[in-house]
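Novice: mind folding the following:
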Amino acid sequence: MSEKNKIGHKVAFIRESRDLTVEDVSERANLAVQTITDIENGNLIPGLTPLIKIARVLGVRLGTFLDDEENIGPSVTRKNEKTEVTRFSDRSNAKASDLDFYSLAHNKAGRHMDPFMIDVFPDSHKDVHLSTHEGEEFIYVMKGQIEVIYGKEKYELSEGDSIYYDSIVAHHLHSVGKEPAKILAVVYTPF
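Specialist: Down below sits the predicted model:
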């Protein structure tokens, strides 16, 4: 299975295991049938908002789409170990990633938070679409600069800066400048 279709395969597998059609999920998640089909087929790099909506309809946490198997003990991630990348974009019909997510709690069962290291690419500021979903997010800038749009406000953050916000307020983050940024993000989504 290609890296591009890793999430789509899991969405389809879980949807089918729940005996739901794409149309069922579309109606319950308030998403277009084509969006769900494109995610499942790997034709679209999804944004977090549609994935969170799909996860809620399917009765799973967001991290379920990123995990291969679950571990009831602690999850340890070593700095020299390669972790799998999951690509996201909040642009319409994105074919390239704006955000590369590296899970820091890979396979941890029953977690309520999803911690990630994220590479934020320079083109992430183009065709910005604000997203909203239940929960909270904590962002810490490790390298470079990002801008966070939160409601009607904009916050420019540099290395060492952080922001914590309610995800129900329309938001978006993107890199500032020509170099990628690296952030630590902790996402909490109620289940």
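
Novice: make it CA atoms for all contacts and neighbour counts henceforth
Specialist: Fine.

Novice: residue ranges in this structure under the pLDDT threshold?
Specialist: Within the chain, the segments meeting pLDDT under 70 span 1-5, 66-73, 82-84, 86-97, 109, 124-125, 191.

Novice: can you give me the helices for it?
Specialist: Assigned by DSSP state H, the chain shows helices spanning 6-17, 22-29, 33-41, 48-58.

Novice: right, and those - which one's nearest residue 170?
Specialist: For residue 170, the closest of the helices of the chain is helix 48-58, at 10.5 Å, according to CA to CA.

Novice: related to what we said a few turns ago, will you turn the helices of the chain into CSV that also has mean neighbour count and distance to residue 102?
Specialist: Listed next are the helices of the chain as CSV, based on neighbours: other CA atoms under 10 Å; distance: least, CA to CA, whole Å:
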stretch, mean neighbour count, distance to residue 102
helix 6-17, 18, 14
helix 22-29, 17, 26
helix 33-41, 19, 19
helix 48-58, 20, 14
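
Novice: center of this protein, which residue is that?
Specialist: Most central in the chain under CA atoms, centre = their mean is residue 48, positioned 4.0 Å from the mean C-alpha point.

Novice: that one and residue 13, how far apart?
Specialist: According to CA to CA, to the nearest Å, residue 48 and residue 13 sit 19 Å apart.

Novice: ditto for residue 44
Specialist: Distance from residue 44 to residue 13, counting by CA to CA: 17 Å.

Novice: try residue 64
Specialist: Applying CA to CA to residue 64 and residue 13 gives a distance of 11 Å.

Novice: got phi/psi on residue 60?
Specialist: Main-chain dihedrals, residue 60, degrees, to the nearest 10: phi -130, psi 160.

Novice: burial measure for it, as a count.
Specialist: A total of 14 residues lie near residue 60 under the criterion other CA atoms under 10 Å.

Novice: please renumber the chain so that the first residue is 35 from this point on.
Specialist: Sure, I'll start numbering at 35, so the last one becomes residue 94.

Novice: mind checking how far it is from residue 87?
Specialist: Residue 94 is 10 Å from residue 87, by CA to CA.

Novice: what of residue 208?
Specialist: Plainly put, residue 208 is 22 Å away from residue 87 if you go by CA to CA.

Novice: next: residue 176.
Specialist: 29 Å.

Novice: repeat for residue 198
Specialist: With CA to CA as the criterion, residue 198 and residue 87 are 21 Å apart.

Novice: against residue 208, how distant is residue 134?
Specialist: For residue 134, the distance to residue 208 - CA to CA - is 12 Å.

Novice: who touches both of those two?
Specialist: Contact criterion CA atoms under 8 Å, 6 or more residues apart in numbering; residues shared by residue 134 and residue 208: residue 154.

Novice: neighbour count: the two, which is higher?
Specialist: More crowded of residue 134 and residue 208, by other CA under 10 Å: residue 208, with 24 against 19.
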